[in-house]
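> Structural data only, the sequence is not supplied:
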């Protein structure tokens, strides 16, 4: 199962990543390898097995609805490229 | 050709928990809180942080699911919905996809004079996004992540609605249900309930489904109905000209009053859902469901039944009271604490009290659930009117004064000597005096212009300082005027 360059470009654009020609080819091969492995798994007969969403035995791990202390705002904004009136300032987005 | 609208609604409602969906940050009112003061590594999407499900959010979601008559799935699974947008710090929203919390419910609506159920396809849990604000000059966007991770319930209907009226009835009924269940404040202006509408048209009488558009981010009933009206007109115009509808996602421009294209099907988001590896599946045990079911409060339909069948209210008064849970609670309190008769209390509440509150732009329930007028005081006033101690017009006047001064009806009546005069002998004297002083009007009445009695009644009310019982005065006037020997 081989991915096309266009498919990799599409996936990159969904994540707003800009990839160069060399990167596109590198990721195309890496992602193809992953899909090939998934393809091998797909050949296993699973008709008698119910769909698995987790391999852990855990179920319903819940927490009580209690407030815990939040981070100090200066720490929250410490890594912001730019801040403006205590908010993250980013290039304009419109949708 | 005549077209029939086909509409399905997705409703997003924030759940009233103390802390967020997957972390212990406080849920704050994001319209007033200082930005970015209620965040932590989990809701900021920091690497290495792990989400844990808020039990209360699950219980509130189950409460809604059960109230809608849904089938609760024994196991539901959280999933990652991947998309890149600055209000979503993790790059994905934790939601539920293939295995939602509950499915196949319904909600009864009243529209066009009939009651019918709208099917609910699914109810699932997810998390809210942060808030973006946009500014120009210089163009920039600002991100506040206080709302990121607030528990959000998504309720998806089947495309069962066929008119703007039905959509409005469904949205209103659902908001009301959420308020009755106390899972959401219902405060639309704070954005705690948002709508998305799937809208298409088909030739009336057919059962096929036309190409639909999705209108997103509708934050008020007004935006919901206006955008739908606009979209139905637009689609009908396209179809009438033989064109076809493009499947796309639309936004709503409130100021311009029109929808605009956000993205087409070809560029539709590819969310690449997959099971959330950081959260184990959620089991809804029979014990939990039984416990939540036992906690279901009296719902709007049961309240309507009680008000109409048991308390004898007319349909109109009952609907006015039903509309808001807090009005029902207030009404019950009025009856319980004052012994006022239910029908009179309902009429005075829905009519005069609401009218006065509206004129003064104050809500029935203020901050902290304190009513504009204590329920017992209001009830005692209604009781005085019902018992004939004061008349209606005096009651109206007193109600306004009680609101403005905080004094009780009793105190105001005693202060002013406003007790109603119902005694027939006293009133007969007043009636005779008015008849004697106004021979012209009396002649008019006797010559067939009987409406003039209203004017004479007004004169009697004036001479008694507005305290006369109007029904008694009218009866006495009719008696006296029908006897030509008098006057």
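Good, I have the coordinates. As the structure is a prediction and not an experimental result, all values here were calculated from the model.

> List the contacts of the spatially most central residue of chain A.
Chain A has residue A:15 as the residue nearest its centroid, 8.4 Å off, counting by C-alpha atoms, centre = their mean. Neighbouring residues of residue A:15 by C-beta atoms under 8 Å, 6 or more residues apart in numbering or on different chains: B:84, B:91. Backbone N, C-alpha and C define where each C-beta goes, glycine included.

> Which residue ranges of the stretch 251-400 of chain B form helices?
B:286-294, B:300-305, B:315-322, B:325-338, B:342-347, B:354-359, B:375-386, B:392-405 (DSSP state H, counting those that start in this stretch).

> Point out the most buried one among those helices.
Neighbour counts (mean count of other C-beta atoms under 10 Å in any protein chain shown) averaged over each of the helices of the stretch 251-400 of chain B peak at helix B:375-386, with a mean of 23.

> so where's the chain uncertain?
No chain specified, so I'll use chain A. For chain A, applying pLDDT under 70 flags the ranges A:1, A:94-95.

> looking at chain B here, not the other one
In chain B (pLDDT under 70), the answer is B:264-269, B:418, B:484-487.

> Tell me where the longest strand sits in it.
When chain B is parsed with DSSP state E, its longest strand is strand B:114-127.

> wait, isn't residue B:354 in contact with residue B:320?
Yes - under the criterion of C-beta atoms under 8 Å, residue B:354 makes contact with residue B:320 at 7.4 Å.

> partners of the longest strand of chain B, with directions?
The pairing partners recorded for strand B:114-127 under DSSP bridges are strand B:102-111 (antiparallel), strand B:151-157 (antiparallel).

> List the buried residues for the first one?
Going by neighbour count (16 or more other C-beta atoms under 10 Å in any protein chain shown), the buried part of strand B:102-111 is B:102, B:103, B:105, B:106, B:107, B:109, B:111.

> give me phi/psi at residue 20?
Assuming you mean chain A. phi -80, psi 170 (degrees, to the nearest 10).

> Distance check, it against residue A:26.
Using C-beta to C-beta, to the nearest Å, residue A:20 is found at 9 Å from residue A:26.

> between these two, who's got more neighbours?
Legend: neighbour count by other C-beta atoms under 10 Å in any protein chain shown for residue A:20 and residue A:26, higher for residue A:26 (13 against 8).

> what's the helix or strand for that one?
Using DSSP states H and E, residue A:26 sits within helix A:21-42.

> Okay, buried residues for that helix please.
Across helix A:21-42, burial judged by 16+ other C-beta under 10 Å covers A:27, A:28, A:32.

> Check stretch B:463-479 too.
Here stretch B:463-479 shows B:464, B:466, B:467, B:468, B:469, B:470, B:472, B:473, B:474, B:476, B:477 as buried, counting by 16+ other C-beta under 10 Å.

> distance of the third one from chain A?
In this case it means residue B:467. Remark: distance between residue B:467 and chain A (C-beta to the nearest C-beta, to the nearest Å) = 57 Å.

> and the closest residue to that residue other than its chain neighbours, bridged to which residues?
Sequence neighbours aside, residue B:421 is the residue nearest to residue B:467 in space, at 5.1 Å (criterion: C-beta to C-beta, 6 or more residues apart in numbering or on different chains). Beta-bridge partners for residue B:421, by DSSP bridges, are residue B:468.

> okay, now residue B:421: neighbour count?
18.

> returning to what we had before: for chain A, find the nearest of the helices of the stretch 251-400 of chain B.
Nearest to chain A among the helices of the stretch 251-400 of chain B is helix B:286-294; the distance by C-beta to the nearest C-beta comes to 8.9 Å.

> Can you name every helix or strand that the closest one contacts?
Under the contact criterion of 3 or more C-beta pairs under 8 Å, 6 or more residues apart in numbering or on different chains; DSSP states H and E, helix B:286-294 touches helix B:55-67.

> Any idea which residue of chain A lies closest to chain B?
Counting by C-beta to the nearest C-beta, chain A gets nearest to chain B through residue A:68 (2.8 Å).

> was I right about that residue contacting residue B:19?
Yes - between residue A:68 and residue B:19 a contact is recorded at 7.1 Å, counting by C-beta under 8 Å.

> what's the overlap in contacts for those two?
By C-beta under 8 Å, 6+ apart, the residues touching both residue A:68 and residue B:19 are residue B:25.

> Tell me which of these two has more neighbours.
Under the neighbour definition other C-beta under 10 Å, residue A:68 and residue B:19 were set side by side, and residue B:19 has more, 23 against 13.

> so how far is the longest helix anywhere in chain B off the chain centroid?
The longest helix of chain B (DSSP state H) is helix B:221-240. From the chain centre to the centre of helix B:221-240 is a distance of 23 Å (C-alpha atoms, centre = their mean, to the nearest Å).

> I'd like to know which elements it is packed against.
Against helix B:221-240 (3+ C-beta pairs under 8 Å, 6+ apart) you get strand B:3-14, helix B:164-180, strand B:193-203, strand B:213-218, strand B:248-253, strand B:258-264.

> Report the inter-axis angle for the second one versus strand B:102-111.
Which is helix B:164-180. 120 degrees (axes from the mean of the first three to the mean of the last three C-alpha atoms, to 10 degrees).

> got the buried residues for helix B:164-180?
B:164, B:166-171, B:173-180.

> Nearest to residue B:29, out of the strands paired with strand B:114-127?
strand B:151-157 (14.8 Å; C-beta to C-beta).

> what's in contact with the closest one?
Taking C-beta under 8 Å, 6+ apart as the rule, strand B:151-157 contacts B:8-15, B:17, B:20-21, B:27, B:54, B:57, B:60-61, B:64, B:68, B:95, B:107, B:118-128, B:170, B:174, B:183.

> let's go with 6 Å and repeat that
B:8-15, B:17, B:21, B:57, B:61, B:118, B:120-124, B:126, B:128 (C-beta atoms under 6 Å, 6 or more residues apart in numbering or on different chains).

> circling back: can you tell me which of the helices of the stretch 251-400 of chain B comes nearest to residue B:158?
Comparing the helices of the stretch 251-400 of chain B by C-beta to C-beta, helix B:300-305 comes nearest, at 20.2 Å.

> helices and strands around the closest one, which ones?
For helix B:300-305, the packing partners by 3 or more C-beta pairs under 6 Å, 6 or more residues apart in numbering or on different chains; DSSP states H and E come out as helix B:315-322.

> For the helix it packs on, which outside residues touch it?
Here helix B:315-322 makes contact (C-beta under 6 Å, 6+ apart) with B:300, B:303, B:304, B:307, B:308, B:327, B:328, B:331, B:346, B:347, B:350.

> cool, stretch B:94-114 as well?
B:61, B:65, B:68-72, B:76-79, B:81, B:115, B:117-120, B:122-127, B:165-166, B:169-170, B:173, B:273, B:276.

> Can you flag the buried ones in these?
B:61, B:65, B:68, B:70, B:72, B:76-79, B:81, B:118, B:120, B:122-127, B:166, B:169-170, B:173, B:276.

> measure residue B:108 to chain A for me?
31 Å.

> What residues are bridge-paired with that residue?
Under the criterion used (DSSP bridges), residue B:108 bridges to residue B:117.

> hang on, the earlier thing: contacts only, for the residue nearest to residue B:467.
Applying C-beta under 6 Å, 6+ apart, the residues near residue B:421 are B:464, B:467, B:468.
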